[in-house]
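Visitor: heads up, no residue letters with this:
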């Protein structure tokens, strides 16, 4: 029983339709963290400058300061063979920010195409409903069975709903951020 190898849990990956939202959240968190680190570094620099000014006023040289009062050293830089994951992640975020976004022209064209798809889909839905009603009201096509015409009108209605859905998805992709 103890010989069964355990699988490590897979790393969480957001679904493709939510990937942009997760990337935006990660960018915001990274930016907030960078701002916090910058503020902390500025505060340490101010504190260090204030202490140096006080010690200079008292006549104590900087070399004689105790270790606890010396400003913190810069963080260690990884060796040439080592990879700093945070630095790679930061570079990838910067690269993703540099990628061109869809221009206003593309968004306008996508909106027009989405509206046309939705209008055509609505037309198909209405047309299929009218054909379905005509099939039931009278024997419009004597040679075809009512079942065939009913199925055809329902398939046309399904096609109309799919076009409306495609138009909505296209509009959301290019206009909702």
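Guide: Perfect, thanks for sending it. Given the structure is predicted, the values throughout are model-derived calculations rather than measurements.

Visitor: can you list the weak-confidence ranges in this protein?
Guide: 1-3, 60-81, 100-102, 136-144, 177 (pLDDT under 70).

Visitor: just the strands from it, written as ranges.
Guide: Using DSSP state E, the chain contains no strands.

Visitor: what's the residue closest to the geometric middle of it?
Guide: Among the residues of the chain, the one closest to the centroid is residue 20, at 1.2 Å (CA atoms, centre = their mean).

Visitor: what's the longest helix along the chain packed up against?
Guide: Counting by DSSP state H, the longest helix found in the chain is helix 19-58. Packed against helix 19-58, as judged by 3 or more CB pairs under 8 Å, 6 or more residues apart in numbering; DSSP states H and E, are the following elements: helix 85-98. Bear in mind the C-beta positions are built from the backbone N, C-alpha and C, glycine included.

Visitor: and the helix it packs on, what's buried?
Guide: residue 93 (16 or more other CB atoms under 10 Å).

Visitor: got the angle for it vs helix 19-58?
Guide: Interaxial angle of helix 85-98 relative to helix 19-58 (axes from the mean of the first three to the mean of the last three CA atoms, to 10 degrees): 120 degrees.

Visitor: distance from the chain centre to helix 85-98, please.
Guide: Here helix 85-98 is found 15 Å from its chain centre; the criterion is CA atoms, centre = their mean, to the nearest Å.

Visitor: what's it in contact with?
Guide: 23, 26-27, 30 (CB atoms under 8 Å, 6 or more residues apart in numbering).

Visitor: can you tell me which of those residues lies nearest to residue 119?
Guide: residue 23 (32.9 Å; CB to CB).

Visitor: check the gap between the closest residue to the closest one other than its chain neighbours and residue 12 for me.
Guide: If the residues on either side of it in the chain are set aside, residue 23 comes closest to residue 96, at 6.6 Å by CB to CB, 6 or more residues apart in numbering. Going from residue 96 to residue 12 by CB to CB, to the nearest Å gives 18 Å.
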